[in-house]
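Asks: With the input below, show me the fold.
(chains A and B)
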Amino acid sequence: MLSALIFLPVIAAMFLLFVPSRVTSVFKAISLIVAVLQIIISILLINNFNTQISEYQLVERASWIHLNLGSWGNFNAWYWVGLDGMSLPLVVMSSVVMVIATLSAWQIQQHVKGFFVLLLVLNTAIMGSFAALDALLFFVFFEFMLIPMYFLIGIWGGPKREYASVKFFLYTLLGSVFILIVFIALYASVKNPGSKSAEHTFAISQLSNPDNIISGSALDPNSTDTFAGWSWRTWAFLLLFIGFAIKLPVVPFHTWLPDAHVEAPTSVSIILAALLLKVGGYGLIRFAFGIFPDEAASFSLFIGMLALISIIYGALNAMASQDLKRLIAYSSVSHMGFVLLGAASATIEGIGGAVYQMVSHGIISAMLFTIAGVLYDRTHNRIISSYSGLFSAMPKYTALVLIGFFAAMGMPGFSAFIGEVMVLFGAFGSHKVNGLIPVWIPVAATLSIILTAGYYIWTIQRMFFGKLFVAGNQVLSDLSAREMFILIALAILTFWLGIYPQPLLNFINPFATKLAEAMAAANINL
Amino acid sequence: METNLKLEITLQSLGFISPEIALSVGILVLLITGLISKKQSLAKVLALLICSLNLILLISNWPLNQSVNLFNGMLTLDVLNFLLRVTIASTALIIVFITQVETVHKYPSEYFALVLSIVLGGQMLVMSNHMAMVIISLELMSIPAYVLTGFAFTKESAEASMKYFIYGSVATAFLIFGMSWLYGLGKGLELSAPTFIDQLGYNNNPILLAACLFVLAGLLFKMAATPFHFWAPDVYQATPYTVLALFSTIPKIAAGALLMKTIHWFSLNGQSRYDWQTIACALSILTLAVGNFSALWQKNVKRLMAYSSIGQAGFLLAATTIQTELGSQFFLFYAVVLAISTVLVFVMLEFYQSQFNAKTLADFAGLGKRNSLPAILLTVGLLSLTGLPITAGFTAKLLVFSGILEVWQGSDKPALLVLFVFGLINTVVSLYYYFRIPYYMFLKDNEKGNSVPLKWAELLIGIMLALGLVIIFVWPALIMGV
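Replies: Residues are numbered from 1 along each chain as shown, chains lettered A, B, ... in the order given. Here you go, the predicted model:
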């Protein structure tokens, strides 16, 4: 069932390749049908998921690379997918966002066939990265994501699309090379406990179990080898951290993001903010923290400070942005800082909050980029100072913008509130529970929420209140039915997750507890 | 009695090299036909027949139970070089198949005879076990290559051919010079012989190092590896793509395979004073750096592909550093994938050159938007050369670099770790220049020109090779671990 969810889009894409490119409605219709089917499959997945256990569930496994290498045993990588309390909510959120992104792409005029085929391929890659339980399989999906993304930004993007897409591609590929270096090193250092000879493995569940590490290998925790003062395990953790921090993104590895966001078409921006950044957060928690809990714990102060810098620097940049989309892009940097802070705190609330914040930001960022897209579709102008008093021209739009902005700034009653409050609880609690994060970091993070409220409210005031003014004196129509549907659906979701968080928390809790315990155990060992 | 035994060995050995005999006879037949008829299609059909016969005879020798010494140790035959010969023979068949006869002027049979000589040289080289055979096979590959470079009979191609020839002769001179010293020091020319190890083990003579390096020089030249790569950009620029597909696969793979074997010999079962694994790492790092970083600034596609092929030689060299039985399997895997991707890319580039006169990167502007299929096929080939999923190029790089890390863990030689990290980071560098072509094809706009479909042969080969790359990615056991 999970495989159906992953591969349905790519199968549809192959079918679409043979459809003549004139009949543009077919591409839109099929993409939408696929996305809706994925939501149905997601609901079935939720039904079959047992929230009581923290193990991987709904597992599907098949042999993929199985090479007999004589004296070196076998080279094994599995097609191995399954979900746990972190990946299931992200997969479900992805299928929702995919419907939204498909609907937002309705107005694409040029090369419709190519756009939707690439969108479907990207869909498979994203679902696959969340579901993969074999590190190599994850890497393949993770890296393959770049190729459709490159073309989606590069062909359908804005005026500086060429620069933005190349920068995005090179930056994230550099990150994924760091990740690949660590995965190969892990593969060489970890053996499969069930096998007769020393058979290596890429399985995530085996990689994170310290008993499986071959003694004397480079990543052996007892190894005394060092390079520039740090053990190989520390280096491996740092490489993984940087690799995923580029994707998340964490300041100072974020510079690709504003460019990519500003140039990408609306639906691609939605996917970029709502899903690709989450793949970074997911990878950070699953691999960097999950496989190297000791190193994560010992670097938690440093990571917490980076998170705080991301939160504040993102907010300040958002405040200074002239371009609405750039503002939202920097706000993503700021919001993703909370994910990092929650993970660094290594407490149950913190990790749970990080996952909650990822799901919540997926929905809210989809809403925010739709908001930017609505305006851009009408005027091809995103400069904030080109507008004022939009309330009188577009009342429905203004109402939904208010909901979106309030949700994003973390007002009680919306999902971001739950996520951020949990993260802050975790971070405050950390200094008592495990002593990893000093109190001043969450204090500063809490104060920075004022900055967040500041730039959103200031934007509302500048663009929507006052006397009606639109640069170029264009007449603006209010939301179409399609835009209404997108925004209202997302608003309901964030509202629902904001007032009734328990169902989602039931999924996340076992996972957060397990990871927090692993990191606590590691912390005692230090 | 003595003579009888030798005769018997020779006769027995002949059966094993029946494909090469077929090739040699075929070359002669082609040349004789050329005297009678100048018909282009006849020469091509004949060449196709010879290539197919070569491949069929090769495969009929399978399965191979153990390695065999042929002609008193002049050649050896084992599974690795058998599979390398199959790779070379199949590549040759595809290249002859897609050769457009209009490009071979009025000397069609001579052209194909030259191509087949390179194939013959490559197949002999991978089997060579004796320094005399190495020289003969290398020259059998080199001299036709000099001629093929100048085959367009233009001023440009004559100049490139001359450059190639001069560099090549110097490299060969180095090789022979080194061998003569090795002969003096090692009392023999058969490199795998035990006497060689007895003579040279723990030998402190610095001349030994120089001699070995001289021998490597000849092989590095054929691989277009640094520091003997200077001929490549000029030669590539003056040569048609079909010939380039040949140049950047068969000699590179054959010389690389021999270099792997030679380095293994030089290390004398670990009794050498010099660390040949580290030397191979250094050569690989140097080649990767020169190839990939120089390619960044290229605007002419052929020059870009020349540096790309230098970079690929660096990755092949990286595979030679593993120095175990497994290393040779990884080398083979890399070589097969390299051959498929290179031929795919060059077939598509040839299409763009002949139909759109696309010579520089800027000439590719907007071509992918009107004519998607060839552009997609070209992109798949470039993705595979870069080493991104979902192409076999990813699997090939993964295997090579996981092998290097494994060897590093066993030996703790820092050079291996440097190569591991530097090599992987080089894939990012190579992405930049490989993706210049899709970048222009898909991201840039160009309104003029119209859509031209692929010829059926190009379409067939293109789709076959591109699908092959994806299938090998999904199911790598197809060409490995048999």
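Asks: which parts of chain B sit against chain A?
Replies: Selection of chain B residues close to chain A by C-beta under 8 Å from any C-beta of the partner chain yields B:324-326, B:329, B:369, B:372, B:383, B:388-390, B:394-395, B:398-399, B:401-402, B:405-406, B:408-409, B:420-421, B:424-425, B:427-428, B:431-432, B:435, B:439, B:442-444, B:474, B:476-477, B:480-481. Every residue, glycine included, has its C-beta placed from N, CA and C.
Asks: make it 7 Å
Replies: Contact residues, chain B versus chain A (C-beta under 7 Å from any C-beta of the partner chain): B:325-326, B:369, B:388-390, B:401-402, B:405-406, B:409, B:421, B:424-425, B:427-428, B:431-432, B:439, B:442-443, B:476-477, B:480-481.
Asks: Please list only the buried members of these.
Replies: B:326, B:369, B:388-390, B:401-402, B:405-406, B:409, B:421, B:424-425, B:427-428, B:431-432, B:439, B:442-443, B:476, B:480-481 (16 or more other C-beta atoms under 10 Å in any protein chain shown).
Asks: dump the residue contacts of the closest residue to A:Thr452 other than its chain neighbours.
Replies: Distances taken as C-beta to C-beta, 6 or more residues apart in numbering or on different chains put A:Met409 closest to A:Thr452, at 4.9 Å, once the chain neighbours are dropped. Counting by C-beta atoms under 7 Å, 6 or more residues apart in numbering or on different chains, A:Met409 touches A:Thr452, A:Ala453, A:Tyr456.
Asks: helix/strand/coil for the last one?
Replies: The one in question is A:Tyr456. helix (DSSP: H, G, I helix; E, B strand; the rest coil).
Asks: That one is in contact with A:Phe405, isn't it?
Replies: Yes: contact criterion C-beta atoms under 7 Å: A:Tyr456 and A:Phe405 qualify, at 4.4 Å.
Asks: The two - which one has more neighbours?
Replies: More neighbours surround A:Tyr456 than the other of A:Tyr456 and A:Phe405, with 27 against 24 (other C-beta atoms under 10 Å in any protein chain shown).
Asks: Against chain B, how distant is that one?
Replies: The gap separating A:Tyr456 from chain B is 34 Å, by C-beta to the nearest C-beta, to the nearest Å.
Asks: cool, A:Thr452 as well?
Replies: In terms of C-beta to the nearest C-beta, A:Thr452 sits 35 Å off from chain B.
Asks: lowest average confidence, helix or strand, in chain A?
Replies: strand A:226-227 (a mean of 80; mean pLDDT, DSSP states H and E).
Asks: Show me which residues of the stretch 51-200 of chain A sit near chain B.
Replies: A:65-70, A:72, A:111, A:140, A:143-144, A:147, A:151, A:154-155, A:162, A:165-166, A:169-170, A:173-174, A:177, A:180-181, A:184-185, A:187-188.
Asks: Could you list which of those residues belong to helices?
Replies: Here DSSP state H is the test, and these give A:140, A:143-144, A:147, A:151, A:154-155, A:162, A:165-166, A:169-170, A:173-174, A:177, A:180-181, A:184-185, A:187-188 as lying in helices.
Asks: Can you say which of those residues are buried?
Replies: A:140, A:143-144, A:147, A:151, A:154-155, A:162, A:165-166, A:169-170, A:173-174, A:177, A:180-181, A:184-185, A:187-188.
Asks: Residue ranges in the stretch 301-450 of chain B under the pLDDT threshold?
Replies: For the stretch 301-450 of chain B, the stretches with pLDDT under 70 are B:448-449.
Asks: Just the helices from it, written as ranges.
Replies: Taking DSSP state H, counting those that start in this stretch as the criterion, the stretch 301-450 of chain B contains helices spanning B:301-320, B:325-356, B:367-370, B:372-386, B:392-411, B:414-434, B:436-438.
Asks: Return the most buried member of those helices.
Replies: helix B:301-320 (a mean of 27; mean count of other C-beta atoms under 10 Å in any protein chain shown).
Asks: Could you list every helix and strand in contact with it?
Replies: helix B:231-238, helix B:250-266, helix B:276-295, helix B:325-356, helix B:392-411, helix B:414-434 (3 or more C-beta pairs under 7 Å, 6 or more residues apart in numbering or on different chains; DSSP states H and E).
Asks: Next, format the ones you listed as TSV and append distance to A:Trp80.
Replies: Formatted as TSV, the helices and strands packed on helix B:301-320 follow (distance: least, C-beta to C-beta, whole Å):
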stretch	distance to A:Trp80
helix B:231-238	43
helix B:250-266	34
helix B:276-295	33
helix B:325-356	23
helix B:392-411	17
helix B:414-434	24
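Asks: buried set for stretch A:406-417?
Replies: A:Phe406, A:Ala407, A:Ala408, A:Met409, A:Gly410, A:Phe414, A:Ser415, A:Ala416, A:Phe417.
Asks: That stretch - what's its average pLDDT?
Replies: Averaging pLDDT along stretch A:406-417 yields 93.
Asks: same thing with stretch A:383-392?
Replies: Mean predicted lDDT for stretch A:383-392 stands at 89.
Asks: The spatially most central residue of chain A: what's it in contact with?
Replies: What sits nearest the mean C-alpha location of chain A, by C-alpha atoms, centre = their mean, is A:Lys278, with 0.9 Å. A:Lys278 sits next to A:Leu90, A:Met358, A:Gly362 when contact means C-beta under 7 Å, 6+ apart.
Asks: Which ones among these map onto strands?
Replies: Judged by DSSP state E, strands contain none of the contacts of A:Lys278.
Asks: Quick check: ChimeraX command selecting the buried ones in the residues you listed.
Replies: Buried members of the contacts of A:Lys278, defined by 16+ other C-beta under 10 Å, are picked up in ChimeraX with:
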select /A:90,358,362
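Asks: ok, so of the contacts of A:Lys278, who is nearest chain B?
Replies: A:Leu90 (21.1 Å; C-beta to the nearest C-beta).
Asks: count of residues packed around the closest residue to A:Ser21 other than its chain neighbours?
Replies: With sequence-adjacent residues excluded and distances taken as C-beta to C-beta, 6+ apart, A:Ser21 is closest to A:Lys113, at 4.0 Å. By other C-beta under 10 Å, the residues close to A:Lys113 number 18.
Asks: ok now whichever strand or helix holds A:Lys113, how far from the chain's centre?
Replies: Assessed by DSSP states H and E, A:Lys113 sits inside helix A:112-131. The chain centre lies 15 Å from the centre of helix A:112-131; the measure is C-alpha atoms, centre = their mean, to the nearest Å.
Asks: Can you name every helix or strand that that helix contacts?
Replies: Going by 3+ C-beta pairs under 7 Å, 6+ apart, helix A:112-131 lies up against helix A:2-17, helix A:24-47, strand A:74-83, helix A:87-104, helix A:135-144, helix A:146-156, helix A:277-283.
Asks: what about 8 Å?
Replies: On a contact count with 3 or more C-beta pairs under 8 Å, 6 or more residues apart in numbering or on different chains; DSSP states H and E, helix A:112-131 meets helix A:2-17, helix A:24-47, strand A:74-83, helix A:87-104, helix A:135-144, helix A:146-156, helix A:266-271, helix A:277-283.
Asks: Same list, those, but as TSV with mean pLDDT please.
Replies: Compiled in TSV, the helices and strands packed on helix A:112-131 are given as follows (pLDDT from 0 to 100):
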stretch	mean pLDDT
helix A:2-17	93
helix A:24-47	93
strand A:74-83	87
helix A:87-104	94
helix A:135-144	94
helix A:146-156	92
helix A:266-271	93
helix A:277-283	95
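Asks: Switch the ones you listed over to JSON lines; also include distance to B:Asn300.
Replies: JSON lines is the format used below for the helices and strands packed on helix A:112-131 (distance: least, C-beta to C-beta, whole Å):
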{"stretch": "helix A:2-17", "distance to B:Asn300": "33"}
{"stretch": "helix A:24-47", "distance to B:Asn300": "37"}
{"stretch": "strand A:74-83", "distance to B:Asn300": "39"}
{"stretch": "helix A:87-104", "distance to B:Asn300": "40"}
{"stretch": "helix A:135-144", "distance to B:Asn300": "30"}
{"stretch": "helix A:146-156", "distance to B:Asn300": "23"}
{"stretch": "helix A:266-271", "distance to B:Asn300": "33"}
{"stretch": "helix A:277-283", "distance to B:Asn300": "38"}
